[in-house]
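**Student:** show me how the following folds:
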Amino acid sequence: MSKIYYKSPEEIELIRESSLLVSKTLAEVAKVIGPGITTKKLNDLAETFIKDHGAIPAFLNYNGFPYSLCISPNEQVVHGFPGEYVIQEGDLISVDCGVILNKFFGDSAYTFSIGEISAEKQKLVDVTKECLRLAIEKAVVGSRIGDVGYAVQAHAEANGFGVVKELVGHGVGVQLHEKPEVPNYGKRGSGIKLEEGMVIAIEPMINAGTAGVKFWSDGWTVTSKDNRPSAHFEHTVAVKKGNADVLSTFSVIEEVLNKKK
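**Tutor:** Okay, the predicted model is just below:
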């Protein structure tokens with residue numbers, strides 16, 4: 001899709017339904033994620049849940065991707081393959097999910113902290129989530145794409161973290177990846193102007209160390225160049241006047257996690 005697809009209010013409500021199913025799927029993952037479970041088990045559980053709710057896993061077979069979730073432990077940034085990796089105490093596990101429901105896409109990601117994590121990892125998770133919140137505040141009519149990216153970059157770098165530049169957020173809704181690209185870096189006042197009807201996936205990918213990344217030979221998995229931890233949070237957001245409309249939610253995920261404490 002070479003041009004921006006502006007969504008009607010009715011289409012935005014359908015994207016909200018898709019996005020909320022993504023959030024509920026991640027909440028199902030939250031119920032079982034913990035030491036001793038394989039990442040493949042999480043993938044299979046999510047795939048079943050999505051299909052049971054009348055939806056299609058958006059990632060499955062997308063450009064050849066063979067799974068329904070991207071699951072990226074520790075130094076993996078994004079696009080990790082679920083497999084026989086056994087989750088351990090102290091891990092950071094990024095889980096990215098997308099669905100197609102009523103022909104519209106939703107997309108969201110959450111980084112799970114497994115048990116007691118290091119102070120470095122805790123700060124990384126907190127700052128990455130704050131980066132997402134600050135970026136969403138800029139996703140309003142009259143702002144520019146550079147304002148969104150700058151909000152992420154400024155906060156991450158002020159905390160000594162590296163901002164991944166090779167991978168970006170994107171428009172979403174009619175397809176999984178649409179225009180415009182939404183980088184996690186930029187200059188204030190630069191880039192295209194945000195307008196009503198745009199729906200974008202904002203997804204800070206922040207490394208504890210250097211910003212550099214390595215691409216694996218599987219064609220998908222991306223890791224931090226220095227093998228230090230990475231965190232990733234993502235929401236599907238409709239651009240509005242005044243305040244952005246966040247179509248996905250973390251509340252159902254965190255409700256589950258708080259009950260497990």
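
**Student:** make it CA atoms for all contacts and neighbour counts henceforth
**Tutor:** Fine.

**Student:** what segments of the stretch 51-200 of the chain are helices?
**Tutor:** 119-137, 145-158 (DSSP state H, counting those that start in this stretch).

**Student:** closest to Val252 out of these?
**Tutor:** Closest approach to Val252 among the helices of the stretch 51-200 of the chain (Cα to Cα): helix 119-137, 15.8 Å.

**Student:** show me how far that closest one is from its chain's centre.
**Tutor:** The chain centre lies 12 Å from the centre of helix 119-137; the measure is Cα atoms, centre = their mean, to the nearest Å.

**Student:** contacts for it next, please.
**Tutor:** Applying Cα atoms under 8 Å, 6 or more residues apart in numbering, the contact partners of helix 119-137 are 92, 111, 113, 147-149, 151-153, 155-156, 159, 161, 202-208, 229-235, 237, 243-244, 246.

**Student:** please save the CA atoms from it in PDB.
**Tutor:** C-alpha atoms of helix 119-137 as PDB (Å, rounded to 0.1, in the frame of the first residue of the first chain):
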ATOM      1  CA  ALA A 119      17.600  -3.800  38.000                       C
ATOM      2  CA  GLU A 120      18.900  -3.100  34.500                       C
ATOM      3  CA  LYS A 121      16.100  -5.100  32.900                       C
ATOM      4  CA  GLN A 122      13.500  -3.500  35.200                       C
ATOM      5  CA  LYS A 123      14.600   0.000  34.200                       C
ATOM      6  CA  LEU A 124      14.600  -1.000  30.500                       C
ATOM      7  CA  VAL A 125      11.000  -2.300  30.700                       C
ATOM      8  CA  ASP A 126       9.900   0.800  32.600                       C
ATOM      9  CA  VAL A 127      11.500   3.300  30.300                       C
ATOM     10  CA  THR A 128      10.400   1.400  27.100                       C
ATOM     11  CA  LYS A 129       6.800   1.500  28.300                       C
ATOM     12  CA  GLU A 130       7.200   5.200  29.200                       C
ATOM     13  CA  CYS A 131       8.500   5.800  25.700                       C
ATOM     14  CA  LEU A 132       5.300   4.300  24.300                       C
ATOM     15  CA  ARG A 133       3.100   6.500  26.500                       C
ATOM     16  CA  LEU A 134       5.100   9.700  25.500                       C
ATOM     17  CA  ALA A 135       4.900   8.800  21.800                       C
ATOM     18  CA  ILE A 136       1.100   8.200  22.000                       C
ATOM     19  CA  GLU A 137       0.700  11.700  23.500                       C
END
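
**Student:** what residues of that helix count as buried?
**Tutor:** For helix 119-137, a neighbour-count test (16 or more other Cα atoms under 10 Å) marks 121, 124-125, 127-137 as buried.

**Student:** I appreciate the help and will end here.
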